[in-house]
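Undergrad: sequence and predicted model, in that order:
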Amino acid sequence: MKVLIVGAGGREHALAWKCAAAARVTEVLVAPGNAGTAREPKVRNVPVGAQDIEALAQLASAERVDLTIIGPEGPLVAGIVDTFAARGLKCFGPRRAPAQLEGSKAYTKEFLRRHGIPTARSRTFTHGNFDAAWVRAQRAPLVVKASGLAAGKGVVIADTTEVAVTTAQAMFAGQFGVAGNEVVVEEFLAGEEASFIVMADGVHILPLATSQDHKRLRDADEGPNTGGMGAYSPAPVVTPTLHARIMREVIEPSIRGLAADGMPYTGFLYAGIMIAPDGTPNVLEFNCRLGDPETQPLLMRLKSDLTLLCEAALAGGLGAVSAEWDPRCALGVVMAAAGYPDAARKGDAIIGLDDAARLPGKIFHAGTKLAGDQVVTDGGRVLCAVGLGVDVRAAQHEAYALADTVRWPGAQLRRDIGFRAIRRGS
Ligand code: AMP
Ligand code: GLY
């Protein structure tokens, strides 16, 4: 069996590593991949960009790829699954229409409202119908969101209504390009966030293990928002009762609602949930893909063959399979480049990777590339060091031992990944 992974981040390195571990998989191609996938046994990088759908379809045909898994949202929202399906190529992910759940926050808010799924109260505006007076009449803080894809940067928490107005106006003026043609203004929700990720086959749902991300740059959740500075699984905040509630109140009505709307959802579906003090699971956002860095600890715990699960989903048979998880905790610490999340510095030599490879746990690469034999930084989030342990503390210990073996000038990492679970006594 030949597998193609589309993307270049830590999530894609973990996907490639996991698929390559299956005995029936002979080779995993990654387009375009990074230095980590370049060095992974049974894995080969192919220099095709993740947005080049036509070239990816040609690659999958020419290489007789049996299964393609899409990492990032860009190609999904642009319709890569539709293109592959039209050519008889198996590709795991949602089609263009249901991928709007991530591609358009305006669409998602309307979808959630129509199907009675809990979410923050909001209004959607265009430049033409923006109602500044309404915004000024709300209670601050407010959350202002560019509706389209903005590489994780399109969400602003405005401490005053005046900031909310100017933020929306900047978005209409093109701060995030066409992503800001529509702007969602919503109430700020307090609570604890969790990442709830499932696989779906249009009808059936297979929930993956729970996880929690750390979005802020610095310890104690301070500093600017990032793509995610670390994650662990399982997330003890998602108790069995809450798990059942999220399935019943969020995931099941979403999958049913999409099917009823004529756009059945096949693929990974990621619900970013804000758990209210009374336990209400409010949807902050949907992603039409796996999370990054959640995937790295998740796949460290997945014992089942991921390619079998994806094939089952593509055949409509997710109801007949289950996923087996390592009962231990996995925890991933992201190491980011100097300057991240604004302008990340590139080209720094990364020292210590060979020593780290002799330690327990696993380092997944994200923004790295090979310069000759040397691995150098090539993006904002550079590595994710993942440890396993009987509890969060033990997993944390293993992850930081790995991370501390690796260095380059200006590397940034949080020292407190997993603090919420530890505070809870897990
Ligand atoms: P999103 O891309 O919509 O998930 O937003 C990015 C981050 O902004 C989320 O992970 C939350 O931390 C925060 N956020 C988004 N919407 C809200 C909200 N309504 N209330 C509080 N925080 C929010
Ligand atoms: N870690 C958050 C995301 O993947 O969107």
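TA: Looks like it came in fine. Numbering: from 1, shown residues only. Ligands and ions are numbered 1, 2, ... in the order given.

Undergrad: so the residue nearest in space to the middle of the chain: helix, strand or coil?
TA: Residue closest to the mean C-alpha point of the chain, counted by Cα atoms, centre = their mean, is G291 at 1.7 Å. Following DSSP: H, G, I helix; E, B strand; the rest coil, G291 is assigned to coil.

Undergrad: for Y232, see how far away it is.
TA: Relative to Y232, G291 is positioned 12 Å away (criterion: Cβ to Cβ, to the nearest Å). For glycine as for every other residue, the C-beta is placed from the backbone atoms N, C-alpha and C.

Undergrad: common neighbours of those two, please.
TA: Taking Cβ atoms under 8 Å, 6 or more residues apart in numbering as the criterion, G291 and Y232 both touch S211.

Undergrad: show me which residues of the stretch 1-150 of the chain are close to ligand 1?
TA: Contacts of the stretch 1-150 of the chain with ligand 1, taken as Cβ under 6 Å from any ligand atom, map to 120, 143, 145.

Undergrad: quick one, what contacts the last one?
TA: Contact partners of K145, counting by Cβ under 8 Å, 6+ apart, are 105, 154-156, 183-186.

Undergrad: so what does the residue of the chain most remote from its centre look like in phi/psi?
TA: Relative to the centre of the chain, and counting by Cα atoms, centre = their mean, the farthest-placed residue is A133 at 35.5 Å. Per-residue torsions, A133: phi -60, psi -40 (degrees, to the nearest 10).

Undergrad: and the one 3 residues further on, by the same measure?
TA: The phi and psi values for R136, taken as degrees, to the nearest 10, are phi -70, psi -20.

Undergrad: next one: the closest residue in space to it that isn't next to it in sequence from ligand 2, what distance?
TA: Nearest non-adjacent residue to R136, counting by Cβ to Cβ, 6 or more residues apart in numbering: T161, 4.8 Å away. In this view, T161 and ligand 2 are 27 Å apart by Cβ to the nearest ligand atom, to the nearest Å.

Undergrad: for T161, give me the pLDDT.
TA: Turning to T161, the model gives it a pLDDT of 96.

Undergrad: next one: S426
TA: With respect to pLDDT, S426 scores 63.

Undergrad: give me the phi and psi for G128.
TA: Torsion angles, degrees, to the nearest 10, at G128: phi -70, psi -30.

Undergrad: what's the neighbour count on it?
TA: Neighbours of G128 under the rule other Cβ atoms under 10 Å: 6.

Undergrad: hang on, the earlier thing: export the contacts of K145 to a markdown table and tack on secondary structure and distance to T124?
TA: Output for the contacts of K145, formatted as a markdown table (DSSP: H, G, I helix; E, B strand; the rest coil; distance: Cβ to Cβ, whole Å):
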| residue | secondary structure | distance to T124 |
| --- | --- | --- |
| K105 | helix | 8 |
| G154 | coil | 14 |
| V155 | strand | 14 |
| V156 | strand | 15 |
| V183 | strand | 7 |
| V184 | strand | 5 |
| V185 | strand | 8 |
| E186 | strand | 9 |
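
Undergrad: nearest to R424, out of the residues you listed: which one, please.
TA: Of all the contacts of K145, R424 sits closest to V155, with 26.4 Å by Cβ to Cβ.

Undergrad: who are the contact partners of the closest one?
TA: Counting by Cβ under 8 Å, 6+ apart, V155 touches 143-146, 225.

Undergrad: try T307
TA: Listed by Cβ under 8 Å, 6+ apart, the contact set of T307 reads 1, 3, 19, 22, 24-25, 67.

Undergrad: go through the residues you listed and flag which are in helices.
TA: Residues of these located in helices (DSSP state H): C19.

Undergrad: please produce a ChimeraX select command covering the buried subset of the contacts of T307.
TA: The buried subset of the contacts of T307, as determined by 16 or more other Cβ atoms under 10 Å, is captured in ChimeraX by this line:
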select :3,19,22,25,67
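
Undergrad: and the contacts of T307, which is closest to ligand 1?
TA: Nearest to ligand 1 out of the contacts of T307 is C19 (Cβ to the nearest ligand atom; 27.7 Å).

Undergrad: quick one, grab the pLDDT at the closest residue to the closest one other than its chain neighbours.
TA: For C19, ignoring the flanking residues on the chain, the nearest one in space by Cβ to Cβ, 6+ apart is V3 at 4.6 Å. Predicted confidence (pLDDT) at V3: the value is 98.

Undergrad: V3 and G279: what is the separation?
TA: Distance, V3 to G279, by Cβ to Cβ: 39 Å.
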